[in-house]
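Chemist: 3D, please:
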Amino acid sequence: MSLFDSLKSAFHSSSGSNVSRKIDVEGRFARQRTAVTGTMAHFYVAKDREHDDRMVGIKILDIEKMELFENRFKGLKKPSEGEIALAMHHPNVVETYEVGLTMKGQPVLIMEYIAGPSMQNIVVQKQEEHVSGRRLKLIHDMAESLRYVHSKAYIHRDICPRNFICLPGSTGVKLIDFGLSVPATAPFMVPGNRTGTPLYMSPEIVRRRVTDQRVDIFSFGITCYCLVSFEHPWQGEILNGRAALHHDTSPPKDLVDRCPNVDPRLSRAIMNALNPDVTLRTESMEQFLLAIKNVETVFVK
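Modeler: Numbers count the residues shown, from 1 in each chain. A predicted model of the protein is given here:
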């Protein structure tokens, strides 16, 4: 089977919906700007001429890199990124409108465009003006998005600030990118799949142990910590893959030590979520949301 045929098969929905239909990206869309060039895809913003020039996000996947990832699950009938994305319908998850192949045979996703800032930029550049007075709302939205993904029986596998996009005015947030997502079933949770963003990667992934949805909860906890403090719980000079080795060899700095005026209930909930010991970690997103149910503000006087 050729590379194109194998990718066409991998990107085709097992549920029977045609996600390998041809989409004339160059003819139909007017490119506005390139937003992101990632390790497995190119993403840009465009006007959709077929839908009253609405703004959309276009994600074109790298065929060879996608095939390398999908080959890890050969014979397991893993749903493609397109199929997973099309199944997600929630106010805090970016909507995917169409999935198919470009005229050149590249897998492509057409999705909702969110005009607000990336949480990655907010955290890295410490843009307090974007989140002041809004952190609790953003944390709730992130938690609800992940609770929804888990309720659909998936593991996102790449929860980090880069994959949360804020609405204009940072009035809310939406989760993006199901490129590394897998079903939360035994065949996909065996040791060995070391994928994700190192600074947010759980010890189970780093040490190639059995995984479950709690790997997302760990990454979510770190994301919340970074949103509150603009610092990483394992703050250090190493920013590459080796950084994740510290997550179970040295303790994280307690959030209240970095931010003494953070609501202690929120601090405990975040620290429990990012506990390196999976047996002590928050068990579910429902449990996290219950823990912060009565929190009214991130910072207390």
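Chemist: helix or strand right after the helix-or-strand element of the chain with minimal mean pLDDT?
Modeler: Lowest on mean pLDDT, DSSP states H and E among the helices and strands of the chain sits helix 3-10, with a mean of 47. Using DSSP states H and E, the next helix or strand after helix 3-10 towards the C-terminus is helix 25-28.
Chemist: ranges for the strands of the stretch 101-250 of the chain?
Modeler: In the stretch 101-250 of the chain, strands defined by DSSP state E, counting those that start in this stretch lie at 107-112, 154-155, 164-166, 173-175, 182-183, listed in chain order.
Chemist: Determine which of those strands approaches P91 most closely.
Modeler: Nearest of the strands of the stretch 101-250 of the chain to P91, taken as Cβ to Cβ: strand 173-175 at 8.0 Å. Where C-beta positions appear, they are placed from N, C-alpha and C, glycine not excepted.
Chemist: And the contacts of the closest one?
Modeler: 91-94, 112, 114, 119, 138, 141-142, 145-146, 149, 156, 159, 163-167 (Cβ atoms under 8 Å, 6 or more residues apart in numbering).
Chemist: make it 10 Å
Modeler: By Cβ atoms under 10 Å, 6 or more residues apart in numbering, the list of residues contacting strand 173-175 from outside reads 88, 90-95, 112, 114, 116, 119, 134, 137-142, 144-146, 148-149, 156, 159, 163-167, 227.
Chemist: Restricted to buried residues, select these in PyMOL.
Modeler: To isolate the buried subset of those in PyMOL, counting by 16 or more other Cβ atoms under 10 Å, use the following:
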select buried, resi 88+90+92+93+94+112+114+116+119+134+138+139+140+141+142+144+145+146+148+149+156+159+163+164+165+166+167+227
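Chemist: Verify the contact between R268 and Q287 for me.
Modeler: No - using Cβ atoms under 10 Å, R268 is not in contact with Q287; the gap is 12.0 Å.
Chemist: Now do the domain split for this protein, please.
Modeler: 3-112, 119-291 (automatic domain parsing).
Chemist: And these, which one averages the lowest pLDDT?
Modeler: Among the domains of the chain, domain 3-112 carries the lowest mean pLDDT, at a mean of 84.
Chemist: Which strand residues bridge the residue nearest to S118 when sequence neighbours are not counted?
Modeler: Distances taken as Cβ to Cβ, 6 or more residues apart in numbering place I165 nearest to S118, at 5.7 Å, with adjacent residues excluded. Note on I165: beta-bridge partners by DSSP bridges are S118, K174.
Chemist: list the contacts for I165?
Modeler: I165 sits next to 35, 57, 94, 112-120, 172-177 when contact means Cβ under 10 Å, 6+ apart.
Chemist: now swap in V228 and tell me
Modeler: Shown in contact with V228 (Cβ under 10 Å, 6+ apart): 123, 131, 135-136, 138-139, 255, 258-259, 262-263, 266-267, 270, 298-299.
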